[in-house]
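Q: Next one to model:
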Amino acid sequence: VPYEHRVVGHVDNKLVPIPVNIDTVNIILGKDIKSKEEMTAFMDEIVDHGDEPPKNGEEAAMRRVGKQLYDKIFREYTKKQWNVFPDKIAASVLQRIPVRSNWDDRYFPDDQYQALPKYGYTKWFESALAHPQIEVAVNSDFFDIPKRVIDKFERIIFTG
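A: Coordinates of the predicted model:
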């Protein structure tokens, strides 16, 4: 099924597009940016690129979106997602934050293939898990499985 991934965040009781784009800035910060050039100039004003590489995720994110947008969007979201604040995460994780200088609200605008399973994720997972080489163990404690059993397998996926 054709699909383009879009994310909307709930910030200050408003729904805003993520990744950050012109609409995000206008809505959250009350700006009236009307062009790519204005957006680029505004971002250059609010972002401190620093002389040294960022030491952690907080510095990386602030260098992408500035302090205000970092505080409003990424600080608490990162804590919720990873159960740790961005200053405790490697810079590389938050350096990937896409930022648009236009109105494009697609998360992966350059990806050639984006789709959803035709019959939904449930059917897709059921089909994958029904494969004869896949064994599913539920209501089991991974750490109770003896090492001799684990060593029989080339790959084990433990989901916590």
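
Q: Would you map the helices across the protein?
A: All helices of the chain, identified by DSSP state H, fall at 22-29, 36-46, 57-69, 76-82, 91-94, 120-129, 147-150.

Q: Need the winner for burial among the ones you listed.
A: helix 57-69 (a mean of 21; mean count of other CB atoms under 10 Å). Where you see a C-beta, it was placed from the backbone N, CA and C, and this is true even at glycine.

Q: thinking again about what came up before, reformat the helices of the chain as TSV; add distance to E4.
A: TSV is the format used below for the helices of the chain (distance: least, CB to CB, whole Å):
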stretch	distance to E4
helix 22-29	16
helix 36-46	20
helix 57-69	22
helix 76-82	21
helix 91-94	23
helix 120-129	17
helix 147-150	41
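
Q: how about a markdown table for the ones you listed, with mean pLDDT added?
A: Below are the helices of the chain laid out as a markdown table (pLDDT from 0 to 100):
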| stretch | mean pLDDT |
| --- | --- |
| helix 22-29 | 98 |
| helix 36-46 | 97 |
| helix 57-69 | 96 |
| helix 76-82 | 91 |
| helix 91-94 | 94 |
| helix 120-129 | 94 |
| helix 147-150 | 85 |
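
Q: Select, out of those helices, the one closest to P2.
A: With CB to CB as the criterion, P2 lies closest to helix 120-129 of the helices of the chain, at 15.0 Å.

Q: got a list of contacts for the closest one?
A: P117, I134, V136 (CB atoms under 8 Å, 6 or more residues apart in numbering).

Q: coming back round to it: do you know which of the helices of the chain lies nearest I157?
A: helix 120-129 (11.2 Å).

Q: CA-only coordinates of the closest one in PDB, if you can.
A: Extracted in PDB, the C-alpha atoms of helix 120-129 (Å, rounded to 0.1, in the frame of the first residue of the first chain):
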ATOM      1  CA  GLY A 120      -1.600  -4.900   8.000                       C
ATOM      2  CA  TYR A 121       1.300  -5.600  10.400                       C
ATOM      3  CA  THR A 122      -0.600  -8.300  12.300                       C
ATOM      4  CA  LYS A 123      -0.800 -10.500   9.200                       C
ATOM      5  CA  TRP A 124       2.700  -9.700   8.200                       C
ATOM      6  CA  PHE A 125       4.100 -10.700  11.600                       C
ATOM      7  CA  GLU A 126       1.900 -13.800  11.800                       C
ATOM      8  CA  SER A 127       3.200 -14.900   8.400                       C
ATOM      9  CA  ALA A 128       6.900 -14.300   9.400                       C
ATOM     10  CA  LEU A 129       6.500 -16.000  12.800                       C
END
